[in-house]
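Trainee: Could you look at this predicted model? Sequence included:
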Amino acid sequence: MENYTYNSYTLQLEGLIVSKESTYPVFLFFFFSYLFIMIANVGIAVLVFIDKNLHQPMYVLFCNLTFNDVLGNSIMVPRLLLDMLRPPSERIITYNECVVQAFVSHMFGTTSLTVLMIMAFDRYVAICNPLRYAAIMTKKMVIKLTVSAWGVAFVLVGILLGLTIRLNRCRTLIQNPYCDNASLFKLSCEDVSINNVYGLAFTVVLFTSSIGSTVLTYTKITVVCLTSNNKSLNSKALKTCSTHLIIYLILLVSGMSNIVLHRFPQYTTYRKLSSIMFHIVPGSLNPIIYGLQSKEIKGAWHKHRGAGQIITNEEGTLC
């Protein structure tokens, strides 16, 4: 008869299993990726905050994405790096810490999609209704969109984790590099049918609404561009929409890969890598794509960098 430990307060993380030869290269890759995510995303958020030319709805809404990337990676990567340097038997996490990590991790994925949905709405208004853009996208509207993006994610993820923490646990091993909802309810020996049904409904509703709204928005934008002879409008639409679409597709592919691989236990290693890259790839590429595509962000960066160099030169001359 198998022995079970019921409702243990401490859990063991399986972590990312790599060979001894690969430990430090993989560690350094994740470390520098995390460092870049922090510097790039915080840098853009600060730039938007201090530069008045960037106080526009598009960039303010994008700051939601930068904050989400910082939060989602900070809850997962530092712990992952520490666990890589520990032997498997010492990768211990408390149940409460595990729940918090799972909540923030799912908030990261859900909020990424809801924020991209409100950013798509902003682009739709800017391109399809430019004369009323300022009247529609007011500060009040930006706040409403931001609160709705985070609020919807909070409610959906809250219910998801709420259904899991009600379960009694009879296992202690988290078969994942970090805690998530699926890993948590797999600790239970009770019936998890409700969790599976809600998890499936959660995924279907989120992806259907996200993909549906994005397709509808870009279809209308495409129609406007095709029927318009305004080359300036078409060029602006192509640049801003391609940026948004690339970010959306990166997130969608990363998320879908993680969900699909969860259904195939034989690909555990690939699933673990996919779940980590789901956080790291979007967080790394978002600031690069927006930074390279946006003239305003590049202009603000060069302006403030130039101002910083002038101040440094003046201080050097005075000394």
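Mentor: Thanks, I have the structure now. Worth saying up front: this structure is predicted, and the values here are computed from it rather than measured.
Trainee: rest of the way, CA atoms for contacts and neighbours
Mentor: Will do.
Trainee: Sketch out the helices for the stretch 201-319 of the chain, chain order is fine.
Mentor: Counting by DSSP state H, counting those that start in this stretch, residue ranges of the helices within the stretch 201-319 of the chain are 231-261, 268-293, 295-318.
Trainee: Take those and write them to TSV, including mean neighbour count.
Mentor: Putting the helices of the stretch 201-319 of the chain into TSV (neighbours: other CA atoms under 10 Å) gives the following:
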stretch	mean neighbour count
helix 231-261	16
helix 268-293	20
helix 295-318	12
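Trainee: any chance of those helices in TSV, with mean pLDDT and distance to residue 59 too?
Mentor: As requested, these are exported to TSV (pLDDT from 0 to 100; distance: least, CA to CA, whole Å):
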stretch	mean pLDDT	distance to residue 59
helix 231-261	74	11
helix 268-293	83	10
helix 295-318	61	9
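Trainee: Give me the helices and strands touching the helix or strand harbouring residue 67, please.
Mentor: Assigned by DSSP states H and E, residue 67 belongs to helix 57-74. With contacts taken as 3 or more CA pairs under 8 Å, 6 or more residues apart in numbering; DSSP states H and E, helix 57-74 sits against helix 20-50, helix 95-128, helix 139-165, helix 268-293.
Trainee: Quick one: closest of those helices to residue 175.
Mentor: When the helices and strands packed on helix 57-74 are compared by CA to CA, helix 268-293 sits nearest residue 175, at 8.8 Å.
Trainee: okay, and for this protein, where does confidence drop off?
Mentor: For the chain, the stretches flagged by pLDDT under 70 are 1-5, 232-234, 236-237, 239-240, 262, 292-293, 304-319.
Trainee: how close does residue 50 get to residue 43?
Mentor: 11 Å (CA to CA, to the nearest Å).
Trainee: Kindly reformat the helices and strands packed on helix 57-74 as JSON lines and extend each row with distance to residue 211.
Mentor: Output for the helices and strands packed on helix 57-74, formatted as JSON lines (distance: least, CA to CA, whole Å):
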{"stretch": "helix 20-50", "distance to residue 211": "25"}
{"stretch": "helix 95-128", "distance to residue 211": "9"}
{"stretch": "helix 139-165", "distance to residue 211": "15"}
{"stretch": "helix 268-293", "distance to residue 211": "17"}
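Trainee: if we compare the ones you listed, which one ends up closest to residue 231?
Mentor: helix 95-128 (12.5 Å).
Trainee: Show me what counts as buried in the closest one.
Mentor: 95, 98-99, 101-128 (16 or more other CA atoms under 10 Å).
Trainee: For it, enumerate the helices and strands it packs against.
Mentor: Using 3+ CA pairs under 8 Å, 6+ apart, helix 95-128 sits against helix 57-74, helix 133-136, helix 139-165, helix 181-185, helix 193-227, helix 231-261.
Trainee: May I see the ones you listed arranged in a markdown table, with distance to residue 22 as well?
Mentor: Shown next, in a markdown table, are these (distance: least, CA to CA, whole Å):
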| stretch | distance to residue 22 |
| --- | --- |
| helix 57-74 | 22 |
| helix 133-136 | 52 |
| helix 139-165 | 34 |
| helix 181-185 | 25 |
| helix 193-227 | 34 |
| helix 231-261 | 23 |
